[in-house]
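K.L.:
Let me see the structure of the following:
(2 chains)
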Amino acid sequence: MIMPLLKGLQITFSHMFKKPVTLQYPTERPAIKPNFRGLHVLNVSHDRAKCVACYLCPTVCPAKCITVEAGEDAKHDKFAAKYEIDMLRCIFCGYCVEACPVDAIRMSETFELANYTRGDFTFTKERLLEKK
Amino acid sequence: MVNLTVDNKQVTVPKDATIYDAAKSAGIKIPILCHDKKLHPFGGCRMCLVEVEQMKGRLIPACTTPVTEGMIVRTSNDEIIKARKLVLELLLLKHPIDCPVCDAAGDCDLQNLTYEYKVNCNQFVDEKFNHEIDYVNPIIERDMNRCILCGKCARICDEIVSYGAYSVINRGLEAKIGTEFDGPLNCEFCGSCVSVCPVGALISRPFKFQARWWALSKVKTVCSYCGTGCQLTLGCKDNKVLTTVYDEDQGFHNGQLCHRGRFAYQFVNSDKRLTTPLIRKNGKLVESSWDEALALVTERLAAAKAAPASLAALSTAHLTNEELFLFEKLFRGTLGSDNIDHSAGFAHAALTEGLKASFGTVASPSEILDVQKTNLLLVIKTDAYETHPVIGFEINLGVKRKGVDLRIVSDKRGKLGKLPGAQTTVHTPGSEILLLNALAKVIVDAGLADAAAPGLAELKAALAEVSVEKAAAATGVSADEITKLAKDYAAAEKALILLPIGLGYPGHNAALAQACANLAILTGKYGKEGSGLLVMGEKNNSQGAADLGIHPKGSGLNGSAIIDACVSGQVKTLFVAGENPVVSYPNRAKVEKALDAVEFLVVADLFLTETAQLADVVLPAVSFAEKSGTFTSVGRKVQQVKQAVKPVGLAKSDFDILNTLNASLGGQTYANQNELFAEIAASVPAYAGLSQTALGDEGKLLPVAPSAKLVPVAAPASAPVAGKLALVTGSALYHSGTMSRFGEGPMLVCPNAYAELSAADAKVLKIEDGDAITVKSETGSVSVTAKVGYRMPQGVVFAPYHFGEGSINAVTDGKPVTWVTVGK
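P.N.:
I've put the predicted structure just below:
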């Protein structure tokens, strides 16, 4: 009868001498693993987004949260005139990154995505572009 | 028939089949890149290599090798796969791997085969091409870096379109598909080359980067421009029609389309579409609700019911059979007015009056497939190519592949006359009937007439006055030429006459149709395969409108008479469904005056057209892509139109509009348009026993039982007016009616009204190509752009009628020929 109680207290006491598990977020920051899938970033090369609007990411996206509209630039080349991710629908599966044939999208370590209005969760191309 | 074995399967095929055809009939797929079932075998790509037991030691191309008895074919083994992989590696050596930005991705034969054969590395290394990309023309982008030299574009342009815009230039590694002097592409822009290109070397610019192929929902329907009845696959996304998708198994034309069919679909989702009903208040059209607009229309129509003679209704032949049937039920049935018509009254008279008198039916006794089955084809006006381009392709194929003897009787030269062996008889404008009567006279005099032809005695009596010599003088065609043409026509085993009709051709009336029918009846060339007369209605459902009787039957007024009656004040209420008389009916000033004078004008249309701008109530209607129903083509084929996208804004189909009006005015209500088709099938003899579901994808050919009778026709006198030029109107190749103005393609290629005159006249008048000129007649004058060419005979001017600005109906008045002066 008393033995299980003592066993439990022994575990409790032992933890008093161990490193705490709880992370004191936000004063303490978590160490993020290299393959973490956070907010999407559109890669930039030569001062423009690498994205060529091939539509593979909206095609593969299981949550149907990516909207791409292609445009034709002055040199008749294809570029993403519109690139939007609805972060409320995104399931952070990373298929978009896998599908991208031109390494135009990656997932960053940013995980703090809380916001106040629904509109704020629509990430336009400008918001997604890599900041340097 | 030949028996052979393909992959252990016994196959029996006709003796002219190839190994590829034999495999296809057995359901075995052999990969191809350069082969197309519409084109002659080419054997350029070597993808279709197979092994034949009797020819061991080398691999045989399946697409060019004819079958022989007892052949044993293997379509796949290690050696074959290795050879095909090598072909792909060699192609990919030069082909840029820019699939992410290439519009063909997803529908690319090279991409599909590369994936299927797992070509993921290349044993060869070489530089890619660095050809300049042709962005000059607004319709077709040519990126020759992506080209795999299958030659399909050059072959389709030559074999079917007969334009010959492309050819392979240079040799070896330098070889590429080039244009005239390797310059920018400037052609008919039918887009046949784009449709057959297996890669993305040729792409449609209006569709460039709009959507990926796999994201499109594909809806099979029927084109809504001319009467040919081409089947069409619309590519739609997000409730918008974005493109037309090529399907080589569609229709008699095997997916071939003309410029407007392929590039003029944008009117469906045009920004200019009407989205709400409009009511005129204080002289201005303001937006309103459907309830308010329909209540007002109902009130005015109910008031007009008491005096049906003061009510008239004009419809367009773009409506479906079901809508036209309901249109007739509402105005002739519920409201009791016989003043209903379409196409100005003259553009369908060849069918409703001409053929009715000659053959006892309002439908042509021939079908489109007869074009390739005949021996001698007599085309009235070279414009048959411009009005119905896909029938023009059939003519090209008939002449080039089947050896059809092509004769053209026309007031100008044109593309058809350039076909091998084609002979164009150029006559003076307006003398068609006289010329046809002279042909009949020669046939009668030479004793070539069928003695049993009904009405022969009357015709002989009427022809007694016709003299070939006098006709030769009046038509400008030599007596020898007339005699030869008549004798050749009579001597041909099978002969077919093509007669295009339409709003631009006031001379192509009942009399001309009867004159044509007389030739066919006189020589017994009708009612059998490859012989007869094909009267080609201008609009997609011109034949349906004729079948369903959308024209005055008793003492009612026809289209032109309705306009006159509006001016005189006899017609006080006018309902216009989709027609644009201000631009398309003769004498614009009179039509505008009539529409101003009429007390209450309702227009149901897709756009705020020149006619709708004058209306008291404008109702937004929907296009063919937003509704279901049936169209009847020139060749009497009833085909299903299927809804592809939802109606724009608040727009409603003409069925919905007419159904609501009919119900509120005391007529019958229909739950959906299928019910109307059932009623058509029950009440219109030609449609007996049909149902919409039974039509299927292919459609059904309506039966026709001609009871022929020769009807003597008097040729109208057409004397030239000294010092004036003869203006003939018609259709431009890129346009159809007035709706194609809202399609992107036609407006990029042919945006402005023009008048075409001969180089000789232009020299005398000191006019150069591209000059702004004024065309003046007794009726009025109009400024258009001059086009100087060699196809017009001296003294003749041609102008298409489609345009709102510079509309040629400002100078015409419904006569076959208008005498005009032309100046800068």
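K.L.:
Give me the phi and psi for the residue in the stretch 401-550 of chain B that chain A sits nearest to.
P.N.:
Here the residue of the stretch 401-550 of chain B nearest chain A is residue B:415; by C-beta to the nearest C-beta that distance is 31.6 Å. Where you see a C-beta, it was placed from the backbone N, CA and C, and this is true even at glycine. The phi and psi values for residue B:415, taken as degrees, to the nearest 10, are phi -60, psi -40.
K.L.:
So what's the residue count around it?
P.N.:
20 (other C-beta atoms under 10 Å in any protein chain shown).
K.L.:
what does chain B have sitting close to chain A?
P.N.:
B:99-101, B:105, B:133, B:135, B:141, B:208-212, B:214-215 (C-beta under 8 Å from any C-beta of the partner chain).
K.L.:
now the closest residue to chain B within chain A, nearest residue through space, not along the chain?
P.N.:
Of all residues in chain A, residue A:54 sits closest to chain B, at 3.4 Å by C-beta to the nearest C-beta. The shortest distance from residue A:54 to any non-neighbouring residue, by C-beta to C-beta, 6 or more residues apart in numbering or on different chains, is to residue B:100 (3.4 Å).
K.L.:
Now do the strands for the stretch 301-450 of chain B: every range, in order, please.
P.N.:
B:311-315, B:340-342, B:376-380, B:405-410, B:423-426 (DSSP state E, counting those that start in this stretch).
K.L.:
Redo these as TSV? Include mean pLDDT and mean neighbour count.
P.N.:
Converted to TSV, the strands of the stretch 301-450 of chain B look like this (pLDDT from 0 to 100; neighbours: other C-beta atoms under 10 Å in any protein chain shown):
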stretch	mean pLDDT	mean neighbour count
strand B:311-315	96	27
strand B:340-342	95	28
strand B:376-380	96	26
strand B:405-410	96	23
strand B:423-426	95	19
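K.L.:
can you list those strands in CSV and add distance to residue B:527?
P.N.:
Shown next, in CSV, are the strands of the stretch 301-450 of chain B (distance: least, C-beta to C-beta, whole Å):
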stretch, distance to residue B:527
strand B:311-315, 31
strand B:340-342, 28
strand B:376-380, 17
strand B:405-410, 21
strand B:423-426, 26
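K.L.:
what about those strands, which gets the closest to residue B:201?
P.N.:
strand B:405-410 (33.0 Å; C-beta to C-beta).
K.L.:
quick one on the thing from earlier: which residue is the nearest non-sequential neighbour of the residue of the stretch 401-550 of chain B closest to chain A?
P.N.:
In this structure, residue B:415 finds its nearest non-sequential neighbour in residue B:385, 5.3 Å apart by C-beta to C-beta, 6+ apart.
K.L.:
just checking, that neighbour touches residue B:399?
P.N.:
No: here residue B:385 does not reach residue B:399: they are 11.9 Å apart, not a contact under C-beta atoms under 8 Å.
K.L.:
Looking at those two, which one has more neighbours?
P.N.:
residue B:385 (27 against 21).
K.L.:
quick one: contacts for the more buried one?
P.N.:
By C-beta atoms under 8 Å, 6 or more residues apart in numbering or on different chains, the contact list for residue B:385 reads B:392, B:395, B:414, B:415, B:416, B:733.
K.L.:
Between these, which sits nearest residue B:177?
P.N.:
For the contacts of residue B:385, the minimum distance to residue B:177 (C-beta to C-beta) is 22.2 Å, reached by residue B:415.
K.L.:
Show me what residue B:240 is bridged to.
P.N.:
Following DSSP bridges, residue B:240 is listed with bridge partners residue B:237.
K.L.:
I'd like to know how many residues surround it.
P.N.:
17.
K.L.:
Next: residue B:401.
P.N.:
For residue B:401, the neighbour count with other C-beta under 10 Å is 12.
K.L.:
And residue A:32, by the same measure?
P.N.:
Using other C-beta under 10 Å, residue A:32 has 12 other residues around it.
K.L.:
Likewise for residue A:75?
P.N.:
Counted with other C-beta under 10 Å, residue A:75 comes out at 7.
K.L.:
and residue B:723, helix, strand or coil?
P.N.:
Here residue B:723 is coil, with the state taken from DSSP: H, G, I helix; E, B strand; the rest coil.
K.L.:
Next, the contact list for it, please.
P.N.:
By C-beta under 8 Å, 6+ apart, residue B:723 lies in contact with residue B:821.
K.L.:
do the same with residue B:372
P.N.:
By C-beta under 8 Å, 6+ apart, the neighbours of residue B:372 are B:394, B:397, B:398, B:401, B:402, B:404.
K.L.:
Let me have the residues of chain B next to chain A in a markdown table, extended by secondary structure and distance to residue B:561.
P.N.:
Shown next, in a markdown table, are the residues of chain B next to chain A (DSSP: H, G, I helix; E, B strand; the rest coil; distance: C-beta to C-beta, whole Å):
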| residue | secondary structure | distance to residue B:561 |
| --- | --- | --- |
| B:99 | helix | 61 |
| B:100 | helix | 61 |
| B:101 | helix | 58 |
| B:105 | coil | 57 |
| B:133 | coil | 56 |
| B:135 | coil | 51 |
| B:141 | strand | 50 |
| B:208 | coil | 48 |
| B:209 | coil | 51 |
| B:210 | coil | 46 |
| B:211 | coil | 48 |
| B:212 | coil | 53 |
| B:214 | helix | 54 |
| B:215 | helix | 51 |
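K.L.:
If any of those residues are buried, put those into a ChimeraX selection.
P.N.:
This is the ChimeraX syntax for the buried subset of the residues of chain B next to chain A, where burial follows 16 or more other C-beta atoms under 10 Å in any protein chain shown:
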select /B:99,100,101,105,141,209,210,211,212,215
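K.L.:
Please look at residue B:619 and residue B:650 and confirm they touch.
P.N.:
No: assessed by C-beta under 8 Å, residue B:619 is found out of contact with residue B:650, at 9.9 Å.
K.L.:
Tell me which of these two has more neighbours.
P.N.:
Set residue B:619 next to residue B:650 and count neighbours by other C-beta under 10 Å: residue B:619 wins out with 28 against 14.
K.L.:
for that one, helix, strand, or coil?
P.N.:
Per three-state DSSP, the local secondary structure of residue B:619 is strand.
K.L.:
In space, what's closest to it - neighbours in sequence excluded?
P.N.:
Nearest non-adjacent residue to residue B:619, counting by C-beta to C-beta, 6+ apart: residue B:604, 4.1 Å away.
K.L.:
Tell me which residues touch the residue of chain B found nearest chain A, please.
P.N.:
Here chain B gets closest to chain A at one residue, residue B:100, 3.4 Å apart by C-beta to the nearest C-beta. Counting by C-beta under 8 Å, 6+ apart, residue B:100 touches A:52, A:54, A:56, A:78, A:101, A:102.
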